[in-house]
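*Asks:* Make a model of this:
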Amino acid sequence: MPHPGPAPFTLDVIIVGGSIAGLSAAVGLTMSGHKVRVLERGSGLEKPCGGIRLQPNVTKILVQWGLEEELIKRASPVHGGTNIWDYETGKLLGFLQWPEPVMRDSGAKFYMIRFSDLHDILYNAAVRAGAQVIFNTNVRSASPPSLSGLHSTAHTSRERPSVQLSDGTVLEADLIIGADGQHSTVRTSVLGTLVKPKRTGTIVLSGNVPMNKVLEDDVTSGLAHSRTYWMGSHRCFFGYPTSRDTEYSVNMFWERNEPDVPESWFPNISTKSLKLSESTSDPKLTKMFEKMESVYWQNYLAWPEFENWSDDSARIVLLGEAARPLIPCSLQSCSVSVEGAAVFSTLLSYLRGFDHIPMLVRAYETIRRDRTEFLHQVEVSSVTQAMYPPGPERIARDQEMQKNLETGQTKWDDDAYLGLWGQICEVWAYNAFDAADDWWVQWGVLREHSLRLQNSHIETLFHPLEVSVTAHTNLIQDTSRA
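*Replies:* You can find the predicted model right below:
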């Protein structure tokens with residue numbers, strides 16, 4: 001279904017957070033005609049390292065937003081397959097072939113892209129569409145409007161939600177979106193309490209290696225244009241080319257059970273200090289660790305499902321990982337952010353007035369909650385299987401991959417498709433725009449029709465009264481003349 005275009009009724013929107021979720025929401029909402037301000041605490045000059053895997057379900061959104069040309073210029077397309085190695089020994093365990101029919105039927109291409117490149121693409125698109133992105137702006141809290149003023153069309157401070165900045169400045173809007181990540185400030189205003197996560201003991205390390213460094217070494221040159229997965233005991237490592245194959249991005253999940261280390265999206269920890277090279281006998285991995293030099297560190301925290309994604313007024317809404325935090329740098333984290341932005345902005349393109357907001361906000365949560373939880377579980381399952389410790393589960397996993405490798409079974413058969421890979425197809429086939437449009441056709445139009453019938457009934461009831469009053473007035477006038 002085509003995008004409905006500019007909304008009949010537009011809002012003044014503040015988005016807290018200028019990363020992937022916030023900028024995606026800015027693109028979608030400005031394209032729907034809304035006025036958008038993005039408040040980002042960073043300076044805008046930083047260039048976070050690491051890569052992002054853009055699955056077809058995300059790519060199709062970016063393409064519909066008119067960003068396909070930028071993706072082609074900056075991203076590395078995925079084709080072929082993924083080599084899977086044993087982390088400790090370097091033994092080849094298997095090879096996963098990405099079948100062309102499945103890739104084609106998903107409706108879009110699969111890309112690998114540097115985080116900073118995707119950020120730049122979305123930032124430029126948001127600004128071109130009319131959004132205002134304000135850097136060095138730290139939001140301290142968000143406050144809902146007064147309940148007595150929700151249905152008024154006047155714009156006074158009591159009737160609009162607001163955010164307070166760290167310098168005391170208060171900014172108001174018709175709608176506030178918290179897209180400020182897993183440690184969201186806005187979430188506290190929605191839930192009414194500060195929710196703390198539990199530590200899992202797993203850390204996530206990410207970084208980039210210039211491709212010329214990968215190619216200059218005979219040991220690592222074979223990795224340059226392939227996606228490679230190492231599975232090990234309590235750890236796994238994934239590497240892939242990005243930026244039109246000019247860089248090699250890496251993500252490592254490692255169960256260390258160490259005290260928390262200050263998190264950063266920028267290289268802040270030496271790989272030598274982590275002694276990564278001592279954890280494997282695979283020369284390819286050892287060399288790659290030496291070439292990385294430094295990585296950034298994120299803690300994998302276990303968050304509960306939040307009861308609400310919006311406050312009672314439906315004027316403060318959570319989006320992306322503020323609504324459902326995922327494993328850092330996971331395959332699905334970008335899906336949660338961009339899909340959520342596409343669904344929300346599409347729903348708001350149908351907006352008819354202020355009293356319409358609660359219905360559309362509830363619809364957004366209804367559409368996204370199950371899908372987001374599904375993506376979270378897919379990611380948890382994937383990382384868990386890749387980090388199996390020695391034992392029957394790991395033996396069964398490795399034997400199955402070895403069997404397929406030895407028999408040349410690198411393509412998907414029906415059993416594999418319906419079993420392990422059926423989930424991937426379910427992820428890729430999702431269309432965020434269709435999900436929002438389908439809800440509107442099934443439920444939104446029905447509500448509109450119901451309201452029209454209700455208003456029509458009210459007009460019919462009052463119409464005879466108006467005639468009677470008019471006739472009585474004329475009679476009085478005629479009598480006075482006599």
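
*Asks:* Where does Leu205 fall, secondary structure wise?
*Replies:* Using DSSP states H and E, Leu205 maps to strand 198-210.

*Asks:* Please tell me how far the residue nearest the centre of the chain sits from Glu159.
*Replies:* For the chain, Ser337 is the residue whose C-alpha lies nearest the centre (Cα atoms, centre = their mean; 1.2 Å). Look at Ser337 and Glu159: by Cβ to Cβ, to the nearest Å, they are 30 Å apart. No exception for glycine: its C-beta is placed from N, CA and C like everyone else's.

*Asks:* Point out where the chain drops to low pLDDT.
*Replies:* 1-4, 47, 99, 147-158, 258-268, 407-421, 449-482 (pLDDT under 70).

*Asks:* Show me what whatever helix or strand the residue nearest to the centre of the chain lives in is packed up against.
*Replies:* Per DSSP H and E, Ser337 falls inside helix 333-348. Packing partners of helix 333-348 (3 or more Cβ pairs under 8 Å, 6 or more residues apart in numbering; DSSP states H and E): helix 20-31, strand 51-54, helix 56-64, helix 357-386, helix 432-439.

*Asks:* who does the third one touch, helix- and strand-wise?
*Replies:* Counting contacts by 3+ Cβ pairs under 8 Å, 6+ apart, helix 56-64 is packed against helix 68-74, helix 333-348, helix 422-429, helix 432-439.

*Asks:* Can you list the strands that the very next helix or strand once past the shortest one pairs with?
*Replies:* Counting by DSSP H and E, the next helix or strand C-terminal to helix 68-74 is strand 76-77. Strand 76-77 pairs in its sheet with strand 111-114 (antiparallel), by DSSP bridges.

*Asks:* Need the residues that contact the strand it pairs with.
*Replies:* If you take Cβ atoms under 8 Å, 6 or more residues apart in numbering as the criterion, strand 111-114 is touched by 49-54, 59, 71, 74-78, 208, 227, 240-243, 247, 249.

*Asks:* residues of that strand that come out buried?
*Replies:* 111-114 (16 or more other Cβ atoms under 10 Å).

*Asks:* Show the subsequent helix or strand relative to that strand.
*Replies:* With DSSP H and E, the next secondary element past strand 111-114 is helix 115-129.

*Asks:* tell me the angle of that next one relative to helix 333-348?
*Replies:* 10 degrees (axes from the mean of the first three to the mean of the last three Cα atoms, to 10 degrees).

*Asks:* Tell me the helices and strands packed up against helix 115-129.
*Replies:* helix 20-31, strand 51-54, helix 68-74, strand 132-134.

*Asks:* List the buried residues for that helix?
*Replies:* By 16+ other Cβ under 10 Å, the buried positions in helix 115-129 come out as 115-119, 121-123, 125-127, 129.

*Asks:* How about stretch 177-186?
*Replies:* In stretch 177-186, counting by 16+ other Cβ under 10 Å, buried: 177-182, 184-186.

*Asks:* Go through those and name the one nearest Arg41.
*Replies:* Asp180 (8.3 Å; Cβ to Cβ).

*Asks:* residues touching the residue nearest to that closest one when sequence neighbours are not counted, list them.
*Replies:* Excluding the flanking residues, the one nearest Asp180 by Cβ to Cβ, 6 or more residues apart in numbering is Gly17, at 3.7 Å. Counting by Cβ under 8 Å, 6+ apart, Gly17 touches 38-40, 178-181, 184, 320, 322.

*Asks:* ok, now Gln423?
*Replies:* Applying Cβ under 8 Å, 6+ apart, the residues near Gln423 are Val378.

*Asks:* tell me which element Asp180 is part of?
*Replies:* Asp180 belongs to no helix or strand, assigned by DSSP H and E.

*Asks:* Any idea how many residues pack against Asp370?
*Replies:* 9 (other Cβ atoms under 10 Å).

*Asks:* swap that for Thr89, please
*Replies:* 12.

*Asks:* ok, now Asp217?
*Replies:* 17.

*Asks:* Just give the closest residue to it, not the sequence neighbours.
*Replies:* Lys287 (5.8 Å).

*Asks:* same question, Leu194
*Replies:* Leaving aside its chain neighbours, Leu194 sits nearest to Thr188 (5.2 Å; criterion: Cβ to Cβ, 6+ apart).
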